[in-house]
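[1] Structure for the following, please:
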Amino acid sequence: MKKRLENFSGLILNYPIVIMLIVYFIIASIFIPYFFGQRNIYNILLQSADLIIISIGLMFVFLNGGIDFSIIAVMGLGSVVGVSIMNTESGLMAGNPYGVVISIIVMLLIGLIIGCINGLAVVFLKMPSFMVTMANYLIFSGLALFISNSNSISGLPEEFLFIGSGKLFDFFPFPVFLAVVLALIIHIILSKSAYGRSIYAVGTSHAVSNISGIPVKKIIFSLFLISGLFAAIGGIVTTSRLGASRPLLNDERMMNFVAAIILGGTSVFGGKGDVKGVLIGALFISIINNSLSLLGLQWYTIMLIVGAFLLFGAWIDAFKQLNKGGIRG
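    Numbering: from 1, shown residues only. So this is what the prediction gives:
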C-alpha cells in the first residue's frame with residue numbers, strides 16, 4: 001500500500017497534468033452536451049495529431065533550454081510551396097503521378113533547411129535561439145506570404161488528403177496513427193539510445209558534457225534539425241486536414257505547442273522532459289480547445305484560459321527548479 005502511494009505521489013509530482021486532465025475530462029463530460037459523444041472524441045483525436053507531432057519536435061529544442069519560433073514559418077512556407085507543386089488546377093506538377101511524393105519531399109526539405117540555418121546560427125555564431133528563430137519566423141513567413149500573395153490555395157489531390165483525414169480499416173484516423181508511430185519512435189530513441197542520453201546530458205550541462213566527451217555542438221545542431229523536420233511533418237498533416245495551403249499555417253497555435261510541452265513536464269531550463277508528458281499535454285490542450293469551443297466561447301477567451309494553464313505549468317517547473325537549486329541567475 002505504501003509503495004502504491006509513493007508511486008501515485010511520484011506520478012502527481014512528475015505529471016501533475018494527469019490529474020488535471022482526468023478532472024477536467026470528467027467535468028466537461030458532465031456539463032458540456034455531446035462532449036463525450038463518439039463523434040466529438042474522434043474530432044479531438046484528429047485535431048490533436050498535428051499538435052502532438054509538432055510539439056514532440058519542439059520538445060527537442062526545449063531539452064536544451066531553447067525555443068524555436070521558426071516552426072510556424074516551416075509549416076507555412078512548406079504548405080504554400082508543397083501545394084503550389086501538387087495543386088490539381090495550376091500546380092507545377094498537376095496531374096503528374098509523382099506530384100504528391102515530390103511535394104512531400106520538398107516540404108520536408110524546407111523543414112530541414114530552416115532547422116539547419118537555426119542550428120548553425122546557434123552553434124557557430126552563438127546566437128540565442130530566441131533571436132535567430134524569431135528572425136527566421138519573420139523572414140520565411142514573409143516569403144510564404146509573398147509566394148502565395150497572402151492567399152490560400154486549394155485543389156489538393158486525393159492521395160494527399162488521405163494523410164490528414166483518411167482512415168485505417170475504415171475507422172482509425174491515419175494522422176493519429178502517424179502521431180502514435182512517431183511518438184513511439186522518439187520515445188525509444190530518447191529512453192534507450194546513447195544519442196537520447198546525450199541530449200539529456202547536454203541539456204543539463206554543456207560543460208560537464210564536453211568533459212565527458214559528448215559532441216555538444218553536434219547534439220545541439222541536431223535538435224534544431226529534428227524540430228524543423230517534425231514541424232514540416234505537422235505542416236503536411238495540417239495542410240492535408242484543412243484541404244488547402246495557408247501562408248501562416250498554425251500561426252495562432254504557437255502557444256498551444258508550448259503549452260503542451262510545458263504542461264507535459266518538459267522544463268524550460270533544459271535537461272528534463274519526455275514523449276509521454278508531451279502526449280498528455282497535447283491531449284489536454286486539445287480537450288480544452290474542443291470543450292470551450294462547444295460552449296461557444298470566443299477565441300480570445302480560450303487563449304486566456306490556455307495561457308493561464310501555461311503559466312501554471314511554468315510555475316510548477318520553476319518551483320521544482322528552486323527546490324533543487326537549478327535556476328541559474
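[2] Return the residues in contact with the residue nearest to residue 136 when sequence neighbours are not counted.
    Counting by CB to CB, 6 or more residues apart in numbering, residue 70 is the residue found nearest to residue 136 once chain neighbours are left out, at 4.1 Å. Any C-beta I mention is one placed from the backbone N, CA and C, and that applies to glycine too. Neighbouring residues of residue 70 by CB atoms under 8 Å, 6 or more residues apart in numbering: 114, 115, 118, 133, 134, 136, 137, 140, 228, 231.
[3] In strands, which of the residues you listed appear?
    Nothing among the contacts of residue 70 maps onto strands, per DSSP state E.
[4] Buried ones only from the residues you listed, please, as a PyMOL command.
    To isolate the buried subset of those in PyMOL, counting by 16 or more other CB atoms under 10 Å, use the following:
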select buried, resi 114+115+118+133+134+136+137+140+228+231
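[5] possible to save the contacts of residue 70 as JSON lines with distance to residue 311 and pLDDT?
    Shown next, in JSON lines, are these (distance: CB to CB, whole Å; pLDDT from 0 to 100):
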{"residue": "114", "distance to residue 311": "29", "pLDDT": "98"}
{"residue": "115", "distance to residue 311": "29", "pLDDT": "97"}
{"residue": "118", "distance to residue 311": "27", "pLDDT": "98"}
{"residue": "133", "distance to residue 311": "22", "pLDDT": "97"}
{"residue": "134", "distance to residue 311": "21", "pLDDT": "96"}
{"residue": "136", "distance to residue 311": "27", "pLDDT": "97"}
{"residue": "137", "distance to residue 311": "23", "pLDDT": "97"}
{"residue": "140", "distance to residue 311": "29", "pLDDT": "97"}
{"residue": "228", "distance to residue 311": "28", "pLDDT": "98"}
{"residue": "231", "distance to residue 311": "24", "pLDDT": "97"}
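[6] Closest to residue 59 out of the contacts of residue 70?
    Of all the contacts of residue 70, residue 231 has the smallest distance to residue 59: 11.8 Å, by CB to CB.
[7] Tell me if I'm right that the closest one and residue 75 touch.
    Yes - checked against CB atoms under 8 Å, the pair residue 231 and residue 75 is within contact range at 5.7 Å.
[8] Any chance you could list residues touching both of those two?
    Contacts common to residue 231 and residue 75, judged by CB under 8 Å, 6+ apart, are residue 54.
[9] For the host helix or strand of residue 313, which helices and strands make contact with it?
    For residue 313, the host element (DSSP states H and E) is helix 299-323. Under the contact criterion of 3 or more CB pairs under 8 Å, 6 or more residues apart in numbering; DSSP states H and E, helix 299-323 touches helix 16-31, helix 254-263, helix 275-294.
[10] Show me the one of these that comes nearest residue 185.
    helix 275-294 (9.3 Å).
[11] mind listing what's buried in that closest one?
    275-292.
[12] for the protein, where's the lowest mean pLDDT among helices and strands?
    Every helix and strand in the chain was compared by mean pLDDT, DSSP states H and E; the lowest is helix 2-14, with a mean of 58.
[13] Quick one: residues contacting residue 257.
    Residues in contact with residue 257 (CB under 8 Å, 6+ apart) are 51, 54, 55, 58, 71.
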